[in-house]
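Peer 1: What shape does this take:
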Amino acid sequence: MRYINKLKFASIFTCITLFLNGCGGSFSQPYTINSYSSNSSGTKLETFASDLCVVNSDIQISDVVLSENSCGGLFDLNKRETLFAKSVHERLNPASLTKVMTALVALKYGDLSQTLKATSNVNITESGAQKIGLQVGDTMTLDQALHLLLIYSANDVAMLIAENIGGTLDQFYEMMNNEAAAIGATNSHFVNPHGLTADDHYVTCYDMYLIFNAAMQYDEFQEIISLPEYSTIYYSSDGTGVDVNIKSTNQYFNGNQTAPTGITVIGGKTGTTTAAGHCLILLAKDTSGNPYIAVVLRAEDTSTLYEEMAKMLASVTGN
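Peer 2: Down below sits the predicted model:
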């Protein structure tokens, strides 16, 4: 009932916003980032406007050329302008970028202090799938789970969140799709909370911008995506504490990649599967503190992914 009432309110509010502004949008609010990396403190970016960046066709920038397979978009949040776009409305497998939507739904309908309990649905058997090794009966708070979901991209934690927030997995998937529709991400469809390959599971670059932008309205999301590492203790079914120490999958945070001159990478989400290729969505700022969302989907390898992301981000500084 709580979910249904909130959904009705969200739908009404969206309609009002569409009528008044001519386009959907996120709430206007101060935007605070607690940290960018292990050696940074914090800052406050300019307030987001309620309007959204829009794009109907490809937009080119000199010296920004993506490979044939890659799709990408660069969005100026202060000017509400799409700076670069390549095939941003093509439906693609999002891999673990799915987890941004999982986090958005959990933050909207859950409580950070609530305890989540694992069932057999956390037993992810796909070879190579990222997980922390949850077992039936294990418990942790939603706050802990969101950190493990977004920093380490744990697939078993995604299942834990989905079942506990949705009541059932199918109900959570319905919540994901309803939320996508409510924010205008109408070229997306979700059938799981983690992004492991499945039929009829897809997003677009533009929809990922919409989803990420909506998630950033939550302070907890802003904080988590900016963290390079995280440590916590959750509990097994017999009450024994289980230590977990993780590092970010974001290569800008683990030292394997360096942001272009004049760009600070604040945080984001990675994703990789054979079907999806290599995917990345980031929040970054220039030297004036102007924020941007940049997304690349279906890059052929990790090197190409970060090279193409760097090209887009460098374009805002002229480097």
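Peer 1: Show me where the stretch 51-200 of the chain has its strands.
Peer 2: Applying DSSP state E, counting those that start in this stretch to the stretch 51-200 of the chain gives strands spanning 71-76, 81-86, 115-117, 139-141.
Peer 1: make that the stretch 201-319 of the chain, sorry
Peer 2: Under DSSP E, counting those that start in this stretch, the stretch 201-319 of the chain gives strands at 229-235, 241-247, 264-273, 277-285, 291-299.
Peer 1: Give me the residues contacting the first one.
Peer 2: With C-beta atoms under 8 Å, 6 or more residues apart in numbering as the contact definition, strand 229-235 has outside contacts at 38, 138-140, 144, 147-148, 151-152, 241-248. From N, CA and C alone the C-beta is placed, and that goes for glycine too.
Peer 1: Would you show me how to pick out the buried ones of these in ChimeraX?
Peer 2: The command below creates a ChimeraX selection of those among these that count as buried (16 or more other C-beta atoms under 10 Å):
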select :138,139,140,144,147,148,151,152,242,244,246,248
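Peer 1: For the protein, which residue occupies the most central location?
Peer 2: Central residue of the chain (C-alpha atoms, centre = their mean): residue 100, 3.0 Å from the mean position.
Peer 1: Contact partners for that residue?
Peer 2: 150, 208, 211-212, 215, 269, 281.
Peer 1: Of those residues, which count as buried by neighbour count?
Peer 2: 150, 208, 211-212, 215, 269, 281.
Peer 1: Mind picking the two most distant members of the residues you listed?
Peer 2: 150 and 208 (14.3 Å; C-beta to C-beta).
Peer 1: Could you say which one of the strands of the stretch 201-319 of the chain comes nearest to residue 187?
Peer 2: strand 291-299 (12.4 Å).
Peer 1: Closest to residue 307 out of the contacts of residue 100?
Peer 2: Relative to residue 307, and with distances defined as C-beta to C-beta, the nearest of the contacts of residue 100 is residue 281, at 16.1 Å.
Peer 1: which strand residues sit across from that closest one in the sheet?
Peer 2: Beta-bridge pairing for residue 281 (DSSP bridges): residue 269, residue 295.
Peer 1: what does the one 10 residues further on give?
Peer 2: Note on residue 291: beta-bridge partners by DSSP bridges are residue 285.
Peer 1: Roughly how far does it sit from residue 78?
Peer 2: 7 Å (C-beta to C-beta, to the nearest Å).
Peer 1: quick one: which of those two has more around it?
Peer 2: residue 291 (20 against 16; other C-beta atoms under 10 Å).
Peer 1: you'd agree that one is up against residue 282?
Peer 2: No. In this structure, residue 291 is not within contact of residue 282 by C-beta atoms under 8 Å, at 10.5 Å.
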